[in-house]
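1. dropping a prediction and its sequence here:
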Amino acid sequence: MDATIAIPLLIGLVAVALFFDFLNGLHDAANSIATIVSTRVLRPHYAVFWAAFFNFIAFMFFGLHVAETVGKGIVDASIVTPAVIFSALVGAIVWNIVTWVAGIPSSSSHALIGGLVGAGVAKAGTGAIVWSGLGKTVAAIVLSPATGFVLALVLVLVVSWLFVRQTPFAVDNTFRVLQFFSASLYSLGHGGNDAQKTMGIIAVLLYSQGMLGQSFYVPLWVVLTCQSALALGTLLGGWRIVHTMGSKITRLNPMQGFCAETGGAITLFAATWLGVPVSTTHTITGAIIGVGAARRVSAVRWGIAGNIVVAWVITLPATAAISALTYLATRLTA
């Protein structure tokens, strides 16, 4: 590819990737702040500042294992071209906008993974897929909300036992303070896992164009711009999804909010250290359902939860289809 053509094209594609990252923060702001807003510990505008700060500094606490998985562990890096990256991003962005407008807490992470798979298969067939990496990601669709559910439920039971002799007023005041810490941890996990997906996309694009030399790595400027774009999206918030996550699934008090955020944060920390690109949406939804079920099964609005699960199931195939069609259209018009 001619360098005079490649540089403007690469800059444009990096800008599209950062736009996706921004939408990721906007779309997934609810993951970080829904519980602390719904329990009225923080007002919405203060909560997004709080979450955005921890989203941004997350790169200081985690390695870049998730970025490496997305960059070279979903589709073979050797088949990646600007058209593949563009098509993958279009599929993910379209899906994010549709679900954001509808107020559905779907996964930006799996939208991006589905987009990569769809575009990769459209270019090179199923041989382009790195099945071990994709299998790990698909397994996480089930395991991350299940883990969040179990951890949050256990935390509620343990905390309830520890504070059984305390008055409701004292418990409420204690967990209003503790929820600042749990929300910080969840926002840190959100920034650590989610921003790395866009880092992986930009890094594999640069690698495919020979700009990283012989070995794949994530440049520091990519890390900083991706963390900034995610934090900015979180700062602007996603209020439609906050309402769904924070109050439609189940009602939360500060103690339950703390347990949901802590259970979700533990899940995200473990996944990020293992290099598994999990959905922060799935994780916190599972945790919120867990704290609701710990109170009583009827406390969870299972119809709403069921609709969210349906959105999870169709995210990968829907974004893969959009991205594959985009790739084919791109090739026809090239």
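-> Thanks, I have the structure now.

2. what about the helices in the stretch 101-250 of the chain?
-> Applying DSSP state H, counting those that start in this stretch to the stretch 101-250 of the chain gives helices spanning 108-124, 131-162, 168-208, 220-236, 239-243.

3. hey, which helix or strand in this protein has the poorest pLDDT?
-> Across the helices and strands of the chain, mean confidence by mean pLDDT, DSSP states H and E is lowest for helix 239-243: a mean of 53.

4. just to revisit the earlier point, quick one: which of the helices of the stretch 101-250 of the chain is nearest residue 18?
-> helix 220-236 (4.5 Å; Cβ to Cβ). (Each C-beta comes from the backbone N, C-alpha and C, glycine too.)

5. output that closest one as CSV, nothing but the C-alphas.
-> What follows is helix 220-236, C-alpha atoms only, in CSV (Å, rounded to 0.1, in the frame of the first residue of the first chain):
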residue,chain,number,x,y,z
LEU,A,220,1.9,3.8,25.0
TRP,A,221,0.1,6.5,22.9
VAL,A,222,-2.5,3.9,22.0
VAL,A,223,-3.0,3.0,25.7
LEU,A,224,-3.4,6.6,26.8
THR,A,225,-5.8,7.6,23.9
CYS,A,226,-8.0,4.6,24.4
GLN,A,227,-8.2,5.1,28.2
SER,A,228,-9.0,8.8,27.5
ALA,A,229,-11.8,8.0,25.0
LEU,A,230,-13.4,5.5,27.3
ALA,A,231,-13.3,7.9,30.2
LEU,A,232,-14.8,10.7,28.1
GLY,A,233,-17.7,8.5,27.1
THR,A,234,-18.3,7.5,30.7
LEU,A,235,-18.2,11.2,31.7
LEU,A,236,-21.1,11.9,29.3
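
6. taking helix 108-124 as reference, get the angle to that helix.
-> Angle, helix 220-236 to helix 108-124, by axes from the mean of the first three to the mean of the last three Cα atoms, to 10 degrees: 130 degrees.

7. elements contacting helix 220-236?
-> helix 3-38, helix 44-57, helix 168-208 (3 or more Cβ pairs under 8 Å, 6 or more residues apart in numbering; DSSP states H and E).

8. mind doing that once more with 10 Å?
-> If you count contacts as 3 or more Cβ pairs under 10 Å, 6 or more residues apart in numbering; DSSP states H and E, helix 220-236 packs onto helix 3-38, helix 44-57, helix 65-72, helix 168-208.

9. tell me the most buried of the helices of the stretch 101-250 of the chain?
-> Highest mean neighbour count among the helices of the stretch 101-250 of the chain (mean count of other Cβ atoms under 10 Å): helix 108-124, with a mean of 28.

10. tell me the pLDDT of the spatially closest residue to residue 146 that is not a sequence neighbour.
-> Distances taken as Cβ to Cβ, 6 or more residues apart in numbering place residue 286 nearest to residue 146, at 6.2 Å, with adjacent residues excluded. Residue 286 is assigned a pLDDT of 85 by the prediction.

11. surely residue 286 forms part of a helix?
-> Yes: Residue 286 forms part of a helix when assessed by DSSP: H, G, I helix; E, B strand; the rest coil.

12. my read: it touches residue 268, true?
-> No: applying Cβ atoms under 10 Å, one finds residue 286 not in contact with residue 268, separated by 11.6 Å.

13. still on that earlier bit, where among the helices of the stretch 101-250 of the chain is the average confidence lowest?
-> If the helices of the stretch 101-250 of the chain are sorted by mean pLDDT, helix 239-243 sits at the bottom with a mean of 53.

14. which helices and strands does whatever helix or strand comes next after that helix pack with?
-> Where DSSP states H and E defines the elements, the next helix or strand beyond helix 239-243 is helix 254-274. Packing partners of helix 254-274 (3+ Cβ pairs under 10 Å, 6+ apart): helix 3-38, helix 65-72, helix 131-162, helix 168-208, helix 280-295.

15. tell me the angle the longest one makes with helix 131-162.
-> What it means is helix 168-208. Going by the same axes, to 10 degrees, helix 168-208 makes 170 degrees with helix 131-162.

16. angle of helix 168-208 against helix 3-38?
-> Using the same axes, to 10 degrees: helix 168-208 against helix 3-38 is 170 degrees.

17. show the contacting residues for residue 124.
-> 75-76, 78-81, 84 (Cβ atoms under 10 Å, 6 or more residues apart in numbering).

18. returning to that earlier point: can you say which of the helices of the stretch 101-250 of the chain is nearest to residue 39?
-> helix 168-208 (6.6 Å).

19. picking up where we left off before, overlap of the contact sets of residue 286 and residue 268?
-> With Cβ under 10 Å, 6+ apart as the test, residue 286 and residue 268 both reach 144, 147-148, 279.
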